[in-house]
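Peer 1: Provided below are the primary sequence and the corresponding predicted coordinates.
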Amino acid sequence: MELFFRKYGQGPPLIIIHGLYGSSDNWVSVGRELAKNFEVFLIDQRNHGRSPHSTDHNYQLLKEDFLEFMNKQSIEKAIIVGHSMGGKTAMFFAADYPERISHLIVVDISPRSYKSTNSNQLLSHTTIIRAMFNLDFYGITSRDEINEILAKSISEDRIRQFLLKNIKRSKNNEYSWSLNLKTIRNELPEIMDGLDEDQSEIIGFPVLFIKGANSDYILDEDRKFIYQIFPFADIETIPKAGHWVHAEQPELFLQKVQSFILQ
């Protein structure tokens, strides 16, 4: 699948892979800052942003989409930064194509599966997707109205504002979701998937996991699995940040990323 992307700067290639409900647009500020030292590529994964839609959405496909992107851009090896679902895409890619990675930075996600029916992540995404799917755009005339409707099910304003970035308006002033919400709903169990428990060690390049201090996506008990797969990984925590670390603490996030790569 040919993915939409944005490109900034010159230097060693660095590719950023967004998370669920995200897009390249969410990473422009970070990308432009990193472009002072790198050739930065911001991609839209399938069913998100301006990339094509598909009825299928799983990490086997996402990693192959990513491989196709690198090949089409003639990128032999790159620094890869993946947030949330994008971090999972990057880890699945690393398992099969480690020779294509110079540095790996995984942002606020662990290699484990979040499929458990009582996991906070699965319950949270199920609530979010249900609220988005049940939203009736008929007669809506502003984004403020959409925000008010979503607030009945999604209490956190930051999450609602993030979701609203996926709203598009037609020439007839009709609102709709730009992402492929039907597929995301149907494929949520696949999106919550993780690497196999018997995954062999992935080595050969530096690895950094960045955790938001207020996020529960990387728990203390996840460290054992992280080190099992990435035995030489560093794990850094950014204070006063939740799951969207790069948006909540952009300066600290950039500092961690750049010092890790340039050390």
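Peer 2: Right, received. Where do you want to start? This one's a predicted model, so the numbers in the text were calculated from it and none came from an experiment. Residues are numbered from 1 along each chain as shown.

Peer 1: Could you use CA atoms for every contact and neighbour count after this?
Peer 2: OK.

Peer 1: Break down the protein into its strands, ranges please.
Peer 2: Ranges of strands within the chain are 5-8, 13-17, 39-43, 78-83, 101-107, 167-169, 175-177, 207-212, 234-238, based on DSSP state E.

Peer 1: tell me the contacts of residue 235?
Peer 2: Going by C-alpha atoms under 8 Å, 6 or more residues apart in numbering, residue 235 touches 208, 209, 210, 211.

Peer 1: quick one: residue 40 from residue 30, how far?
Peer 2: Applying C-alpha to C-alpha, to the nearest Å, the value for residue 40 to residue 30 is 10 Å.

Peer 1: Of the two, which one has the most company?
Peer 2: When residue 40 and residue 30 are compared on other C-alpha atoms under 10 Å, the one with more neighbours turns out to be residue 40, at 28 against 18.

Peer 1: Roughly how far does the more buried one sit from residue 227?
Peer 2: If you go by C-alpha to C-alpha, the gap between residue 40 and residue 227 works out to 28 Å.

Peer 1: quick one, helices of the stretch 1-150 of the chain?
Peer 2: Chain-ordered helices for the stretch 1-150 of the chain, with DSSP state H, counting those that start in this stretch as the definition, fall at 28-34, 59-72, 85-96, 120-133, 143-150.

Peer 1: nearest spatial neighbour of residue 91, skipping sequence neighbours?
Peer 2: Leaving out its chain neighbours, the residue that sits closest to residue 91 by C-alpha to C-alpha, 6 or more residues apart in numbering is residue 111, at 7.3 Å.

Peer 1: now residue 203
Peer 2: Of all residues not flanking residue 203 in the chain, residue 230 sits nearest, at 6.5 Å (C-alpha to C-alpha, 6+ apart).

Peer 1: okay, the one you found: pLDDT?
Peer 2: At residue 230, the model reports a pLDDT of 98.

Peer 1: Compute the number of surrounding residues for it.
Peer 2: Taking other C-alpha under 10 Å as the criterion, the count of residues near residue 230 is 22.

Peer 1: mind listing what it touches?
Peer 2: Counted by C-alpha under 8 Å, 6+ apart, residue 230 has contacts 201, 202, 203, 207.

Peer 1: Just the buried residues of those residues.
Peer 2: Among the contacts of residue 230, those classed as buried by 16 or more other C-alpha atoms under 10 Å are 202, 203, 207.

Peer 1: Give me the below-cutoff pLDDT ranges for the chain.
Peer 2: Scanning the chain for pLDDT under 70 picks out the ranges 117-118.

Peer 1: closest one to residue 192 among the strands of the chain?
Peer 2: Evaluated over the strands of the chain, closeness to residue 192 peaks at strand 78-83, with 13.6 Å, by C-alpha to C-alpha.

Peer 1: quick one on the thing from earlier: I'd like a version of the helices of the stretch 1-150 of the chain in a markdown table, one that adds distance to residue 10 as further columns.
Peer 2: Shown next, in a markdown table, are the helices of the stretch 1-150 of the chain (distance: least, C-alpha to C-alpha, whole Å):
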| stretch | distance to residue 10 |
| --- | --- |
| helix 28-34 | 10 |
| helix 59-72 | 16 |
| helix 85-96 | 22 |
| helix 120-133 | 37 |
| helix 143-150 | 37 |
